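Engineer: What follows is a predicted structure for the sequence shown.
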Amino acid sequence: MSGQAELSRLSLNQITTENWSLSEAIDGCERNEVPWISIWRHKLAEYGMKETVTHLKNSGIKVSSLCRGGMFPASTQEERNIRIEDNKRAIEEAAELNTDTLVLVCGPSPDKDITQARKWVQEGIEAIIPYAEQHGIKLGIEPLHPMYAADRSVINTLGQANSLVKYYQSEQVGVVIDAFHVWWDPQLAQDIETARGSILGFHVSDWKVPIYDMFKGRSMMGDGVIDLHGMRKQVEAAGYAGPIEVEIMNQELWDRPGDEVLQLMKERYLEHV
């Protein structure tokens, strides 16, 4: 693949339109001819599984992924077990939504021992692989930028995620590459190639200077410093041809009408991705 990214691959990660309910987001995708959506579990819980499945079927909108599983580390074995069970519920939900990918945001360290937290992540994923296999769901390990190590994930580079994939030797486990989280990494090109055959998702947004908010600091494609087009070509050269999710946490976008955001998203996607 070369040139512009095809609109047939465009997916709305629904956090980009956080002000919309899941019902509104599905309708918005249909209205604006966005063929895919990535669903967040809290929005799914609000709307209901039966209602969501029916709505998706009637709209023709496909689900690129379910966000999120993970959050494995915890101070006690009891709590870690609870989190593993919650991941099993997420796997069931992904299967019901007819998507093949559950995105794993692996979780922070509950104390200062980040090495132990990474071991708990490894153990947590290992515990759910058989359940994912039973339900036909792939587990996409998404490394998060190092600034999120303290509160969101201790898996912070694509190299780390690749090492986990290699450790499991399971077709159920792969990686999700989010441009915002990995663009800075000097090993990125090499690690994308290493991920060949196990890339389960590609997310785009931009890094605008300065970052004014750690969580809501992402920007629309083209407003920042990331070579999104170049990264897309690298990811495709490594074999990924699936949906491309636009995932932007940004209060200014959340405050705008959702249809306006989707139209801007389509324009910038074609221009910069």
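Structural biologist: Great, that's in hand.
Engineer: Who are the packing partners of the longest helix along the chain?
Structural biologist: In the chain, with assignment by DSSP state H, the single longest helix is helix 114-135. Contacts of helix 114-135 with other secondary structure elements, assessed using 3 or more CB pairs under 8 Å, 6 or more residues apart in numbering; DSSP states H and E, are made with strand 62-70, helix 77-96, strand 138-141, helix 158-168. Every residue, glycine included, has its C-beta placed from N, CA and C.
Engineer: try 6 Å
Structural biologist: On a contact count with 3 or more CB pairs under 6 Å, 6 or more residues apart in numbering; DSSP states H and E, helix 114-135 meets helix 77-96.
Engineer: how far does the helix it packs on sit from the chain's center?
Structural biologist: Averaged C-alpha coordinates place helix 77-96 at 17 Å from its chain's average position (CA atoms, centre = their mean, to the nearest Å).
Engineer: Just after that helix, pick out the following helix or strand.
Structural biologist: Scanning forward in sequence from helix 77-96 by DSSP states H and E, the next helix or strand is strand 101-105.
Engineer: now that following strand and helix 114-135, what's the angle there?
Structural biologist: Strand 101-105 and helix 114-135 are oriented at 170 degrees to each other (axes from the mean of the first three to the mean of the last three CA atoms, to 10 degrees).
Engineer: what's the angle between strand 101-105 and strand 62-70?
Structural biologist: Our comparison of strand 101-105 with strand 62-70, counting by the same axes, to 10 degrees, yields an angle of 30 degrees.
Engineer: helices or strands next to strand 101-105 in the packing?
Structural biologist: Counting by 3+ CB pairs under 6 Å, 6+ apart, the elements that strand 101-105 packs against turn out to be strand 62-70, helix 77-96, strand 138-141.
Engineer: what is the mean pLDDT for the last one?
Structural biologist: Right, strand 138-141. In this model, strand 138-141 has an average pLDDT of 98.
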